[in-house]
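Undergrad: Build me a model from this:
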Amino acid sequence: MYLIWRANLGNAATPAPAGMHDLITKTPPDKPTPILVTEPRLPNGVVPQRSPDWPPFPLHFIDRNLPDGWYSYEVSGIDLFGRHSLNSAPSQLLLLDKIPPPAPTGVAAYALDPEDRFLQRDEAYKNWYTSLDSSVQETLVGLRLLWTWTLAHQKQGPNISEFRIYFHPGPELPSDQAINWQERYYVVGYNDNVNTDSLTGERTYEIFLPPPSTPNPTSIPLNPSLAEPVVYAHIGVSAADDKLHTNDQRTAGNWSNRRGNEGRVGPPAKIYRVLRTLPPPPEDVFTGERLYASPAGYDGQSFFTYRWKPQQHLQLLVFRAMDAAVFNTDWAQRPLPTPLDESQLNLFPAGWNQTTRQAVVSELYYLNSFIGVEGGAERAMVYYRQLSDAALRVLAGLPSSESAFIQLNINPLDPNDAGWANRLGLDTPDDFILDPNERAYMDKLDGCAGNRYFYRAAFVDAAHNIGPLGLSSPPVYLPNVVPPRAPMIGKVLAGDRQVTIKWASNREPDLVAYRVYRADTEQATRDLRLMTLVHTQPVPPGDPSSRQAEVVWLDTPVPGLTTFYYRLAAVDDAGNVSPASAVVTGRAFDDSRPDPPTWNPPGADPTSNAILLSWSSEVLDLRCMVQRRTAVENSWKNLSGWLERSLYSYEDHDRITGRTHIYRLRVMDSGGKSNRTFNELTA
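TA: All right, here's what the predicted structure looks like:
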């Protein structure tokens, strides 16, 4: 057995001279405890398995929990009779702590953007904010960072010197190895920026970066743009001890070349910054003093095409206002908080000369004369409706008129979506020249109204920042259309696979056609869009009084014994469609008979006198009966009974030798009707 002796030689660069060695293999109070060394009995050539980071030879004793420094060891032996040997020659070694401390926990980080209206502005933030130089308070983007060093962490890493803060851009999560992080951003001492819980001993750290004392402070590198409106990064914290024998893996960059064992980076905190800069207003693309929507359709709806020039990385919100809403909004603010002046070029379309701008300003300024006058509101509304188109456009485009506009689209219009490509609308002539650099949005209006409409738009970026409204479009007018009255159907007559419809002739001078709609279910008649347009009956030109009193149209061919539902609508030369007529029903009868099948060439049985008859027909579910007569007979005899439906062959075994036989087929369709004509086969 063996005894182990140890001497502490200090922690200097070189070991101190060895003195007396102390026995370390003993149990309290001071009783020597020899170590019994055994060797495993293994077959020849077998090597015991050992951990790859241990020496390749057996370890008989492990001396634990020693601080860094130089140590000297001696070994003495004891034989079976209890005799002690002399101590061995001393062996010196340097023990260095290479075990890194654990990773901090509870890491939380926030980008401190002064433009972020959701930023937590508590007392700690306000103290940091007010400590900054006033020249950077509104532009500097800082970092708020918190982490926890629990009591268990303190026991596991008792010699912590500092915490190292790391920054890594992008949304992807970096590894827990500090060398893989892009930048060491800051270093915090173990006793700096800390608050210790008196009950649990837990240490909580909180720091604001850059520190107030930093000269020429710079923002954290989070720079959103229109192309990337939300940028992400990760913040991590690692702990490092005070061991000077371990070099820093980072030899370049900020806060590099520091000593100490550095642990893993704790669970990172994701931070982000959102673009806050508002997009510019859309460019004005409209020309002319007024615009027109399409004439109202049969449902009373008109359409207007709003066009705009897109900008990269921006989408569009479209707003609309009715003239009455603009008038009421403007009148409620009279006199305007900021008087209109012809020098305010941003309120006028580009290209308007000073004379035009002055005329509009004078026209709108006259509204102030109705303020405080008896009946002034009513008189002002009359005056509003008499404003020129140019004055209406400027009035609707004033900042004070924005509250009169309502947003039309919830989802912004993406200019890269083919659905918003510039195209001809129902309100534009066919010879309209399309600009491929523009986009188009179709808006639906009440075509029966007499109001004028105005359109404005605003860009919105991917971070949902909505820019200011652009200039108003010229006033959009609705064509004054009156649909014809609904036609009146007088009679519906049934025929053989046809239905005759008669209706009274309308007398509107602009009438150009009647449209006949048909449906096979009563439910579909509630809306003409659910019915099928089966006929358009033109109205002859000329004096309406010279038209025939009754119009007749024949719907043919139609299947018999099927009920159809009909409605009519009248159309004038402006494309206005009248209300639909009352629903009428029509039901044709069917006196048609099935056509006789076509005989196929007969087949003979060489072993007998039988003949194989077969036939074909476009109708696949006929029931057939074979009839036969000889050449000298005049009457037909039923050769077979009614065959199974769709059975189109038969074998005749009852032929008279030496005679010619004539065959024909009697057929019956699924409605029970039989043919009146026959095809004969002679065999």
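Undergrad: In the protein, which residue sits furthest out from the middle?
TA: residue 81 (88.2 Å; C-alpha atoms, centre = their mean).
Undergrad: For that residue, grab phi and psi.
TA: phi -100, psi 10 (degrees, to the nearest 10).
Undergrad: Look up how far residue 1 lies from it.
TA: In this view, residue 81 and residue 1 are 12 Å apart by C-beta to C-beta, to the nearest Å. All C-beta spots, glycine's among them, are computed from the backbone N, C-alpha and C.
Undergrad: now swap in residue 446 and tell me
TA: With C-beta to C-beta as the criterion, residue 446 and residue 1 are 107 Å apart.
Undergrad: again with residue 158
TA: 35 Å.
Undergrad: for the chain, what's the longest strand?
TA: strand 230-241 (DSSP state E).
Undergrad: excluding its backbone neighbours, what's nearest residue 349?
TA: residue 284 (5.4 Å; C-beta to C-beta, 6 or more residues apart in numbering).
Undergrad: quick one on the thing from earlier: list the contacts for the residue farthest from the centre of the chain?
TA: Not one residue lies near residue 81 by C-beta atoms under 8 Å, 6 or more residues apart in numbering.
Undergrad: confidence score at the residue nearest to residue 415 when sequence neighbours are not counted?
TA: Of all residues not flanking residue 415 in the chain, residue 310 sits nearest, at 3.4 Å (C-beta to C-beta, 6+ apart). On the pLDDT scale, residue 310 is placed at 95.
Undergrad: Residue 310 against residue 439, yeah?
TA: Yes: the pair residue 310 and residue 439 passes the contact test of C-beta atoms under 8 Å, sitting 5.5 Å apart.
Undergrad: which one of the two has more residues nearby?
TA: Remark: of residue 310 and residue 439, residue 439 carries more neighbours, 23 against 19, as counted by other C-beta atoms under 10 Å.
Undergrad: Okay, and the beta partners of that one?
TA: Beta-bridge partners recorded for residue 439 (DSSP bridges): residue 308, residue 421.
Undergrad: Check residue 233 too.
TA: residue 169, residue 271.
Undergrad: quick one: contacts for it?
TA: 167-170, 220-222, 270-272 are the contacts of residue 233 under C-beta under 8 Å, 6+ apart.
Undergrad: at 6 Å instead, please
TA: Residues near residue 233 by C-beta atoms under 6 Å, 6 or more residues apart in numbering: 169, 222, 271.
Undergrad: which stretches of this protein have low pLDDT?
TA: 480 (pLDDT under 70).
Undergrad: now the helices: where do they sit in it?
TA: 123-131, 151-156, 323-332, 354-365, 376-385, 389-397 (DSSP state H).
Undergrad: Make JSON lines out of the ones you listed and add mean neighbour count and distance to residue 315.
TA: Formatted as JSON lines, these follow (neighbours: other C-beta atoms under 10 Å; distance: least, C-beta to C-beta, whole Å):
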{"stretch": "helix 123-131", "mean neighbour count": "13", "distance to residue 315": "33"}
{"stretch": "helix 151-156", "mean neighbour count": "14", "distance to residue 315": "49"}
{"stretch": "helix 323-332", "mean neighbour count": "18", "distance to residue 315": "25"}
{"stretch": "helix 354-365", "mean neighbour count": "16", "distance to residue 315": "32"}
{"stretch": "helix 376-385", "mean neighbour count": "15", "distance to residue 315": "34"}
{"stretch": "helix 389-397", "mean neighbour count": "23", "distance to residue 315": "21"}
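Undergrad: can you redo the ones you listed as JSON lines with distance to residue 102?
TA: Output for the helices of the chain, formatted as JSON lines (distance: least, C-beta to C-beta, whole Å):
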{"stretch": "helix 123-131", "distance to residue 102": "27"}
{"stretch": "helix 151-156", "distance to residue 102": "5"}
{"stretch": "helix 323-332", "distance to residue 102": "64"}
{"stretch": "helix 354-365", "distance to residue 102": "73"}
{"stretch": "helix 376-385", "distance to residue 102": "75"}
{"stretch": "helix 389-397", "distance to residue 102": "64"}
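Undergrad: quick one, which of these is nearest to residue 610?
TA: helix 323-332 (92.6 Å; C-beta to C-beta).
Undergrad: what residues are shared contacts of residue 310 and residue 439?
TA: residue 415.
Undergrad: Show me the strands in the stretch 201-350 of the chain, by range?
TA: Ranges of strands in the stretch 201-350 of the chain, per DSSP state E, counting those that start in this stretch, are 203-209, 230-241, 269-274, 291-292, 301-308, 315-322.
Undergrad: And the closest residue in space to residue 384 that isn't next to it in sequence, how far from residue 306?
TA: Spatial nearest neighbour of residue 384, chain neighbours left out: residue 327 (4.2 Å); criterion: C-beta to C-beta, 6+ apart. Separation of residue 327 from residue 306 (C-beta to C-beta): 22 Å.
Undergrad: got it, and residue 99?
TA: Residue 99 is 69 Å from residue 306, by C-beta to C-beta.
Undergrad: Which one's more surrounded, the two?
TA: residue 306 (24 against 11).
Undergrad: Show the contacting residues for the more buried one.
TA: 318, 441, 455.
Undergrad: Next up, the contacts around the second one.
TA: If you count contacts by C-beta under 6 Å, 6+ apart, residue 441 has them with 306, 318, 413.
Undergrad: What sits closest to it if chain neighbours are left out?
TA: Per C-beta to C-beta, 6+ apart, closest to residue 441 is residue 306, 4.7 Å.
Undergrad: Now rank the contacts of residue 233 by neighbours and give me the top one.
TA: Busiest of these [other C-beta under 10 Å] is residue 271, holding 21 neighbours.
Undergrad: Wait, that residue touches residue 108, no?
TA: No: here residue 271 lies out of contact with residue 108, judged by C-beta atoms under 6 Å, at a distance of 9.6 Å.
Undergrad: Just the buried residues of stretch 238-256, please?
TA: Burial within stretch 238-256, assessed by neighbour count using 16 or more other C-beta atoms under 10 Å, is assigned to 238-241, 243, 246, 248, 250, 255.
Undergrad: count of residues packed around the residue nearest to residue 218 when sequence neighbours are not counted?
TA: Distance criterion C-beta to C-beta, 6+ apart; nearest residue to residue 218, sequence neighbours excluded, is residue 210 at 7.1 Å. If you count neighbours by other C-beta under 10 Å, residue 210 ends up with 20.
Undergrad: Give me the distance between the residue nearest to residue 356 when sequence neighbours are not counted and residue 77.
TA: Among residues not flanking residue 356 along the chain, residue 390 sits closest, at 6.5 Å (C-beta to C-beta, 6+ apart). Noted for residue 390: a distance of 115 Å to residue 77, by C-beta to C-beta.
Undergrad: How about residue 397?
TA: 105 Å.
Undergrad: how about the residue lying closest to residue 296 once chain neighbours are set aside, phi and psi?
TA: Spatial nearest neighbour of residue 296, chain neighbours left out: residue 447 (2.4 Å); criterion: C-beta to C-beta, 6+ apart. Here is the backbone geometry of residue 447 (degrees, to the nearest 10): phi -70, psi -10.
Undergrad: looking at it, residue 447 is touching residue 303, isn't it?
TA: No: applying C-beta under 6 Å, one finds residue 447 not in contact with residue 303, separated by 8.5 Å.
Undergrad: more crowded one of the two?
TA: Shown here are residue 447 and residue 303; by other C-beta under 10 Å, residue 447 has more neighbours (21 against 18).
Undergrad: ok now do that one, which residues does it touch?
TA: So residue 447 contacts 296, 300-302, 478 (C-beta under 6 Å, 6+ apart).
Undergrad: Mind putting these into CSV with distance to residue 17 and neighbour count?
TA: Output for the contacts of residue 447, formatted as CSV (distance: C-beta to C-beta, whole Å; neighbours: other C-beta atoms under 10 Å):
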residue, distance to residue 17, neighbour count
296, 111, 25
300, 110, 16
301, 105, 15
302, 107, 25
478, 109, 21
